[in-house]
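Participant: show me the folded form of this:
(2 chains)
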Number of protein chains: 2
Amino acid sequence: MKKRLFTPGPTPVPEHVLLTMAEPIIHHRHPEFRELFERLSKNLQYLFQTSQDVISLTSSGSGSMEAAVVNLLSPGDTAITVNGGKFGERWGELCRANGVNAVEIAVEWGTAVTADEIVESIKAHPETKAVFVTHSETSTGVAIDVKTIAQAVHANSGAVFVVDGITAVGALEMRMDEWGLDVVVTGSQKGLMIPPGLAFIALSEKAWKLVESSHCHRYYFDLLKARKSLKGNDTPWTPATTLLIGVDVALEMIRKETLEKVWERHSRLAAAVRAGVQALGLRLLAKSPSNALTAIWNPEVPDVKVFNNALKKKYGITVAGGQGHLKDKIFRISHLGYYDELDVLSVIGAIELSLRDAGYVFEPGAGVKAAQTVFLNESW
Amino acid sequence: MKKRLFTPGPTPVPEHVLLTMAEPIIHHRHPEFRELFERLSKNLQYLFQTSQDVISLTSSGSGSMEAAVVNLLSPGDTAITVNGGKFGERWGELCRANGVNAVEIAVEWGTAVTADEIVESIKAHPETKAVFVTHSETSTGVAIDVKTIAQAVHANSGAVFVVDGITAVGALEMRMDEWGLDVVVTGSQKGLMIPPGLAFIALSEKAWKLVESSHCHRYYFDLLKARKSLKGNDTPWTPATTLLIGVDVALEMIRKETLEKVWERHSRLAAAVRAGVQALGLRLLAKSPSNALTAIWNPEVPDVKVFNNALKKKYGITVAGGQGHLKDKIFRISHLGYYDELDVLSVIGAIELSLRDAGYVFEPGAGVKAAQTVFLNESW
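Facilitator: Residues are numbered from 1 along each chain as shown, chains lettered A, B, ... in the order given. Below you'll find the predicted structure:
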C-alpha cells in the first residue's frame, strides 16, 4: 500500500534530500563539511530572519528548549510559561527541573494566550527574567500572535521573550529580529523537512548578555561553547552530519521558493484543510488555528475506531491522535513542510472515504470541493 | 577521486545501511517503528553484553557522558576521573560543570591507567561515589584493562564504575554484566557503523539505585523518564528515527557475524596496522594500544605536510590528526567498524606511497608485507 504521512513531525522528507543524506559519509572536521556548515548556518539565519548566530544542536526539539532554559536562567529565577498544550506545559517542566520558579498561565487547550494575559502576569511578577511561549502549539493546532505579545512584553518588562518555534519556523510568518523575539528554537523534522535528530536556537544580543550571567549547570547544551565553535564553522561535539547535509539541501529549497512563498503556501493549504473538514460537518479544536497543522474533534460517529482504521489501513494515511486529556478526542492533520495542494486533496478525500466507511452522514465530495474552492480563490 | 575514511568516528557506513536509512520516513509512535525499536533495544543488550535496559539518546556520545554524570551524582559528590587523553579529561569537565568534585588521576597521554593507581585514589578519597574511565581513548589510541580495574574498584569501594565505551563497544571485548561494569556509554558513529547523532547508555541495578537518589538537575537526559518510556518501546522525546533504523540494520550485521568474531576481526586488523607501520620504522604512541585505532608519531621527515597532503589529496585517504598537545605530532588510523583486511592493505599502501613522496627512506613494500604476514598468521 502507498503510505502518506500527515503528522506534525516527522514530516515527509523530499526524495532527493533522502538520497543526498545517503551519500558516503564525510568527516565533520574536514574542509568539505565546514564549507557546507558555513552555508547552512547562513541559510538558517534567513530561515529565522535574524542576523544573529543560529546554533545547531544534535538533539530533539526538546533539547533546544532545555538549552534555552539552562543558558538564560539561574536556579531561583522567575519565568512565565504558558500552558495551553503539551508543549507549553513542557516549558514549565523544564524550568522546574532546573530550579527555576515557573509562573504558569493556564489557558484552555485550543485557545491562544493573549498579550493582556501575559502583561497581567508580568505585572504580578516584576522579577520575571524570561517569558516562554509556543508559537504553534503542536498538541492543539493553536497559533499565537508572537509579534503583538513580544511588543507587550518589551513595553512592560526587561524580560527576554523566548519562542518555541518548533512547528512554526518555516511554516508561519516569523521575523525574529524585526519582531523582537529574543530566543527562537526549532527542530529538523518540521518545516525543515528533515528526519528528527537536530534542533536549532538563535538568541538576541540581550539574550546573550543573560547567558553570560546565568549559572544553571550545563555542558552538552552550553551555548557559549557552541557559539565559540561556530566562529570556526565547527561544533563542540560531533554533530549529526548526515542530517545537517539534509538541512543544507532543504534550506536551498526554501531559499529557492522564498520564505514568503513558503508561508503563503502553508496559509493556503491550511485554509483548504480547514474549509474541507468543516464542509464535512467536522469541528476544529483551535479557536486561533495554526497554519502548520489542523486539530479536529473526532467525528460524531458511534465508533470512531472504524474511521481511524479505514484512514490508516485502507487508505495508508497516518495522521496524529490527541495528546494528554485530548487523547482519543481529536485527530491532527499536518500540512507542515513538504506538502502541496494535491496532498491536501488526498487527505481530505481519504477522510471522506473513511467517514463513509464509519457510517457518518455528509454530502459526498463536499470536503474536496471546499478545499479546491480555496485553491481557486473563487466559487465554482 | 575515490575517497576512503579511516577516522575514529565517523566510521564508514555500509552502503545497504545508508540506503535503508533513505527509505520514506515513518512515525516513531506507530507500530512499525515500535517493533523495530523493540528489536534493536534487544540487540543493543547483546552488543553491551547486558541483561539491563540499553537506553537510546538522540545526542552525540558526549550527551551520553553527561547523562551518566547528571543521573548518577548530586552536586557536592566526589568522583574519580582519569585524564589520559581528551575524552578522559571530558569526564572531569562534565563533573565540574555539574557541581561534582572531580578527583583527577593524571596519566601520561599514551599510557594506560592501572588498577593500582585507581585503588590508591579510592583509598585517598573513600567518599567517592563513582569512578569514570575511558575504555579506548580516542585521542591517544590507548586501551585500558576495564575488567581488572572493575574488580579492583568493587573490592575497594562501593563506588559505581562508569566506562566510556565510545570507541570500544563493538570493537574491543567488553562484557558489561560479567565484568561488573556499572555504566557503559557509546555512540552511533563508531563500532556501530552509523552516522553520528545517537548515543547509548546502560546501567547496572546498583547504578539505577544511585540514579533514584541523585539530584543533579536534568530533563532531556533524565534516564528514569527514558527507562519508563522504553517499557512501551518508546522514547520521552522524538528520537532520530532514521539513524535508529540504521542501527537496527547494523546490529543485525553484528549478530550475524557474532560479537566474538567482530572482536577477533578488530584484533587482527589492529595487529596488522601496528605491524605495518612499525615495519616502516614509524613509532606507536600508545604503550597499551587499542584495537579500535592506532596513533602513530608523525614520520621523521623534514616536512610532514608533504606526507599529509599526499595521503589526503593524492590517495584520497582521510585519517585523523592529533588533539590537544598532540596536535601536529601524531596521526591516527581508525580500524573501527566496517573494515576488513583489504582496507588495511589500502591504508598501509597509501602510507608507503605518501612516505616515498615525502622523501622518507624505508624498504618499499615492507609495511604491506608485514600486514599480510599478520593475516596469514605465518611468515612467508
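Participant: only C-alpha atoms for contact and neighbour calcs from this point on.
Facilitator: Noted.
Participant: pretty sure A:Ile105 sits in a strand.
Facilitator: Yes - counting by DSSP: H, G, I helix; E, B strand; the rest coil, A:Ile105 is part of a strand.
Participant: so how far is the longest helix along chain A off the chain centroid?
Facilitator: Counting residues, the longest helix found in chain A (DSSP state H) is helix A:259-279. Remark: helix A:259-279 is offset 16 Å from the chain centroid, using C-alpha atoms, centre = their mean, to the nearest Å.
Participant: residues touching stretch A:7-21, excluding its own?
Facilitator: A:5-6, A:138, A:167, A:189-191, A:193-196, A:242-243, A:245-246, A:249-250, A:292-293, A:318-320, A:332-338, B:19, B:22-27 (C-alpha atoms under 8 Å, 6 or more residues apart in numbering or on different chains).
Participant: mind checking which of those residues are buried?
Facilitator: Buried members of those, counted by 16 or more other C-alpha atoms under 10 Å in any protein chain shown: A:5-6, A:138, A:167, A:189-191, A:193-196, A:242-243, A:245-246, A:249-250, A:292-293, A:318-320, A:332-338, B:22, B:24-27.
Participant: show me where chain A dips below the pLDDT cut-off.
Facilitator: Chain A contains residues with pLDDT under 70 at A:378-380.
Participant: and the strands in it?
Facilitator: Under the criterion DSSP state E, strands of chain A are mapped to A:4-5, A:54-57, A:78-83, A:101-106, A:128-134, A:136-137, A:142-143, A:160-164, A:183-187, A:199-203, A:293-297, A:317-318, A:320-321, A:330-334.
Participant: need the winner for burial among the ones you listed.
Facilitator: Most buried of the strands of chain A, by mean neighbour count (mean count of other C-alpha atoms under 10 Å in any protein chain shown): strand A:136-137, with a mean of 31.
Participant: okay, now the sheet partners of that strand, with direction.
Facilitator: strand A:142-143 (antiparallel) (DSSP bridges).
Participant: pull out the buried residues from stretch A:261-274.
Facilitator: For stretch A:261-274, by 16+ other C-alpha under 10 Å, it's A:262-263, A:265-274.
Participant: and the residue lying closest to A:Val185 once chain neighbours are set aside, how close does it get to chain B?
Facilitator: Distances taken as C-alpha to C-alpha, 6 or more residues apart in numbering or on different chains put A:Ile201 closest to A:Val185, at 4.4 Å, once the chain neighbours are dropped. Separation of A:Ile201 from chain B (C-alpha to the nearest C-alpha, to the nearest Å): 16 Å.
Participant: near chain B, which residues of the stretch 51-200 of chain A show up?
Facilitator: Contact residues (C-alpha under 8 Å from any C-alpha of the partner chain) of the stretch 51-200 of chain A with chain B: A:58-63, A:66, A:94, A:97-99, A:195-197.
Participant: among the residues you listed, which two are most distant?
Facilitator: For these, the farthest-apart pair by C-alpha to C-alpha is A:Gly99 and A:Pro195; their separation is 32.2 Å.
Participant: tell me who's in contact with the residue nearest the centre of chain A.
Facilitator: With distances taken as C-alpha atoms, centre = their mean, A:Thr167 lies nearest the centre of chain A, 1.1 Å away. A:Thr167 makes contacts with A:8, A:135-138, A:186-187, A:190-191, A:292, A:336, as judged by C-alpha under 8 Å, 6+ apart.
Participant: pick the one among the buried residues of stretch A:261-274 closest to B:Leu282.
Facilitator: The closest of the buried residues of stretch A:261-274 to B:Leu282 turns out to be A:Val262 (C-alpha to C-alpha; 57.3 Å).
Participant: which ones are touching that closest one?
Facilitator: A:Val262 is in contact with A:170-171, A:254, counting by C-alpha under 8 Å, 6+ apart.
Participant: are any of the residues you listed buried, and which?
Facilitator: Using 16+ other C-alpha under 10 Å as the burial test, the contacts of A:Val262 include A:170-171, A:254 as buried.
Participant: could you redo these as TSV and give each row distance to A:Asn233?
Facilitator: What follows is those, written out as TSV (distance: C-alpha to C-alpha, whole Å):
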residue	distance to A:Asn233
A:Gly170	23
A:Ala171	27
A:Ile254	22
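Participant: measure A:Glu23 to B:Glu15 for me?
Facilitator: Per C-alpha to C-alpha, to the nearest Å, A:Glu23 is found 9 Å from B:Glu15.
Participant: meant to ask about A:Ala168, not that
Facilitator: A:Ala168 is 35 Å from B:Glu15, by C-alpha to C-alpha.
Participant: of those two, who's got more company?
Facilitator: Set A:Ala168 next to B:Glu15 and count neighbours by other C-alpha atoms under 10 Å in any protein chain shown: A:Ala168 wins out with 28 against 11.
Participant: any idea how far the more buried one lies from chain B?
Facilitator: 17 Å.
Participant: look up the closest residue to that residue, ignoring the ones flanking it.
Facilitator: Of all residues not flanking A:Ala168 in the chain, A:Ser136 sits nearest, at 5.4 Å (C-alpha to C-alpha, 6+ apart).
Participant: touching, that neighbour and A:Ala295? I think so.
Facilitator: No - A:Ser136 is not in contact with A:Ala295 according to C-alpha atoms under 8 Å; the separation is 11.8 Å.
Participant: surely A:Ala112 touches A:Gly141?
Facilitator: No - counting by C-alpha under 8 Å, A:Ala112 sits too far from A:Gly141 to count as a contact (10.0 Å).
Participant: the two: who's more crowded?
Facilitator: Remark: of A:Ala112 and A:Gly141, A:Gly141 carries more neighbours, 30 against 24, as counted by other C-alpha under 10 Å.
Participant: check contacts around that one.
Facilitator: A:Gly141 touches A:110, A:285-286, A:289-290, A:292-295, A:332, counting by C-alpha under 8 Å, 6+ apart.
Participant: picking up where we left off before, which strand residues bridge the residue nearest to A:Val185?
Facilitator: Residues in a beta bridge with A:Ile201, per DSSP bridges, are A:Ile55, A:Val185.
Participant: isn't it right up against A:Ser64?
Facilitator: Yes - in terms of C-alpha under 8 Å, A:Ile201 counts as a neighbour of A:Ser64; the distance is 6.4 Å.
Participant: which neighbours do those two have in common?
Facilitator: What both A:Ile201 and A:Ser64 touch, as defined by C-alpha under 8 Å, 6+ apart, is the set A:57, A:185-186.
Participant: who touches A:Ser56 in this structure?
Facilitator: A:Ser56 makes contact with A:198-201, according to C-alpha under 8 Å, 6+ apart.
Participant: change it to 6 Å
Facilitator: A:Ser56 sits next to A:199-200 when contact means C-alpha atoms under 6 Å, 6 or more residues apart in numbering or on different chains.
Participant: got the buried residues of stretch A:261-274 as TSV, with distance to B:Ser121 columns?
Facilitator: Putting those into TSV (distance: C-alpha to C-alpha, whole Å) gives the following:
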residue	distance to B:Ser121
A:Val262	60
A:Trp263	60
A:Arg265	64
A:His266	61
A:Ser267	64
A:Arg268	67
A:Leu269	65
A:Ala270	64
A:Ala271	67
A:Ala272	68
A:Val273	66
A:Arg274	67
